[in-house]
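> dropping a prediction and its sequence here:
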Amino acid sequence: MDLIKITSAYEFAKHAHDGQFRKVPPNEKYIEHLIRVADKVADYGTVAICSALLHDVVEDTKYTLQDIDYIFGKEISLIVEGLTKDRDKIKTLEKIKVYSQLDSRVALIKLADKIDNLNKPLNEKWAKEQAQLCLGFYIPLGFQYHFDELAKELESLCIRIKGN
């Protein structure tokens, strides 16, 4: 593990998301979500941890993929690019599929992100929609890339949500 690089990614993400809060739970600093996602993927090494910490930077802050590439390198910027939503939901799913083929850590981090988001859902309707999407797309993708533990955790969470 490269603790210097991980610390740098943490500090960058913390600065980039400064002043941003999650809706659920109310008033939680955004960095807390990123830390939980990074913690879920910690066994997969420095690049996975850094990418998890940075996965929402391009989507939610003033920083660009070029900034990520310049500071953290092509490997991390490629993963972050694969995790950055497109305006079109179908294009986002296709992008995740394609980028997961280039680097399976895209699928890994997306599973961890979905688990964290669904553990504290915004509302019941949103949670049920996300659970359906996960059961049909993200969970099979997780199993495809052998992230079985996270895929099973997400599957269990989604089944519980759909049963409510």
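Cool, the structure landed.
> going forward, measure contacts and count neighbours with C-alpha atoms only.
Fine.
> L150 is in contact with P140, isn't it?
No. The pair L150 and P140 does not pass the contact test of C-alpha atoms under 8 Å, sitting 11.2 Å apart.
> neighbour-wise, which of these two wins?
L150 (21 against 17; other C-alpha atoms under 10 Å).
> show me what contacts the more buried one?
Applying C-alpha atoms under 8 Å, 6 or more residues apart in numbering to L150 gives the contacts 108, 111-112, 142.
> ok, which stretches of this protein are strands?
Taking DSSP state E as the criterion, the chain carries its strands at 21-22, 28-29.
> D116 is nearest to which of these?
Evaluated with C-alpha to C-alpha, those place strand 21-22 nearest to D116, the distance being 11.9 Å.
> quick one: strands adjacent to that closest one?
strand 28-29 (antiparallel) (DSSP bridges).
> which ones are touching the nearest residue to E59 once chain neighbours are set aside?
Spatially, and ignoring its direct neighbours in sequence, E59 is nearest to T84 (5.8 Å; C-alpha to C-alpha, 6 or more residues apart in numbering). Counting by C-alpha under 8 Å, 6+ apart, T84 touches 55-56, 58-59, 92.
> out of those, who's the most crowded?
Counting neighbours by other C-alpha under 10 Å, the top entry in the contacts of T84 is H55, with 28 neighbours.
> neighbours around the closest residue to it other than its chain neighbours, how many?
Excluding the flanking residues, the one nearest H55 by C-alpha to C-alpha, 6+ apart is V80, at 5.1 Å. For V80, the count of nearby residues is 28 (other C-alpha under 10 Å).
> kindly provide the distance from V80 to K23.
Using C-alpha to C-alpha, to the nearest Å, we find V80 at a distance of 23 Å from K23.
> what do you get for L102?
L102 is 33 Å from K23, where distance means C-alpha to C-alpha.
> which residues of this protein score low on pLDDT?
Where the chain drops to pLDDT under 70, the residues are 164.
> ok, how many other residues are close to the closest residue to I6 other than its chain neighbours?
Nearest non-adjacent residue to I6, counting by C-alpha to C-alpha, 6+ apart: C50, 5.5 Å away. Residues contacting C50 under the criterion other C-alpha under 10 Å number 27.
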